[in-house]
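Trainee: Provide a 3D model corresponding to the input given below.
(one chain, ligands or ions: 1)
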Amino acid sequence: MTFPLAEAAMELHAAHLMALNAAALIDRGERAVKELSMAKAYAVEIGARALDRAIQTHGAMGFTNELGLVHAWQDVRSVNVADGTNEVLRRTIVQRLLAGDTEL
Ligand SMILES: Cc1cc2nc3c(=O)[nH]c(=O)nc-3n(C[C@H](O)[C@H](O)[C@H](O)COP(=O)(O)OP(=O)(O)OC[C@H]3O[C@@H](n4cnc5c(N)ncnc54)[C@H](O)[C@@H]3O)c2cc1C
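Mentor: All right, here's what the predicted structure looks like:
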């Protein structure tokens, strides 16, 4: 694992921009189903990955209640299932793409 902080920052920044893009589309009156599905699935996955990197970076300390990283990882990871699992969100993205919504 190299540059875990930089990698997490890049991914979290991308997730933030995806969310802002979806919000802008909704502000314009679009349903943004594909973009919302992408933003939610990606944000949860990279949020969990950022915490996993933080646990790894701290070694054994990463598993202690003192840092609370494992608890935070569990919280974020559960959102992969809650409010639309990431598999179902991917299915929605594919459905939208095959329906002709290919704007990226
Ligand atoms: C923290 C948390 C909070 C929640 N809060 C709420 C709430 O407030 N209100 C509420 O109503 N529910 C809530 N839920 C329930 C949640 O919506 C369901 O757990 C979720 O929809 C998945 O349903 P399931 O558990 O029956 O799993 P299943 O539907 O059995 O799915 C199991 C696995 O199979 C995958 N899968 C299922 N169908 C397909 C498919 N067609 N293609 C590919 N993969 C598929 C799923 O993605 C999942 O990984 C919550 C869940 C969690 C973990």
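Trainee: buried residues in stretch 86-99, which are they?
Mentor: The neighbour-count check on stretch 86-99 (16 or more other C-beta atoms under 10 Å) flags Asn86, Leu89, Thr92, Ile93, Arg96 as buried. From N, CA and C alone the C-beta is placed, and that goes for glycine too.
Trainee: the third one: which element?
Mentor: What that stands for is Thr92. In the assignment (DSSP states H and E), Thr92 maps to helix 86-98.
Trainee: give the contact list for His58.
Mentor: For His58, the contacting residues are Leu67, Leu69, by C-beta atoms under 8 Å, 6 or more residues apart in numbering.
Trainee: residues making contact with the helix holding Thr92?
Mentor: The contact list for helix 86-98 (C-beta under 8 Å, 6+ apart) reads Val33, Lys34, Ser37, Met38, Lys40, Ala41, Val44, Glu45, Asn80, Gly84.
Trainee: identify the residue nearest the residue nearest the centre of the chain in space, chain neighbours excluded?
Mentor: With distances taken as C-alpha atoms, centre = their mean, Ala43 lies nearest the centre of the chain, 1.5 Å away. The shortest distance from Ala43 to any non-neighbouring residue, by C-beta to C-beta, 6 or more residues apart in numbering, is to Ala15 (4.1 Å).
Trainee: just the helices in the chain please.
Mentor: Along the chain, counting by DSSP state H, helices occupy 4-27, 33-57, 69-78, 86-98.
Trainee: name the helices or strands packed onto the first one?
Mentor: This points to helix 4-27. Under the contact definition 3 or more C-beta pairs under 8 Å, 6 or more residues apart in numbering; DSSP states H and E, helix 4-27 sits against helix 33-57.
Trainee: okay, buried residues for the helix it packs on please.
Mentor: Neighbour counts over helix 33-57 (16+ other C-beta under 10 Å) mark 33-55 as buried.
Trainee: understood, closing this out.
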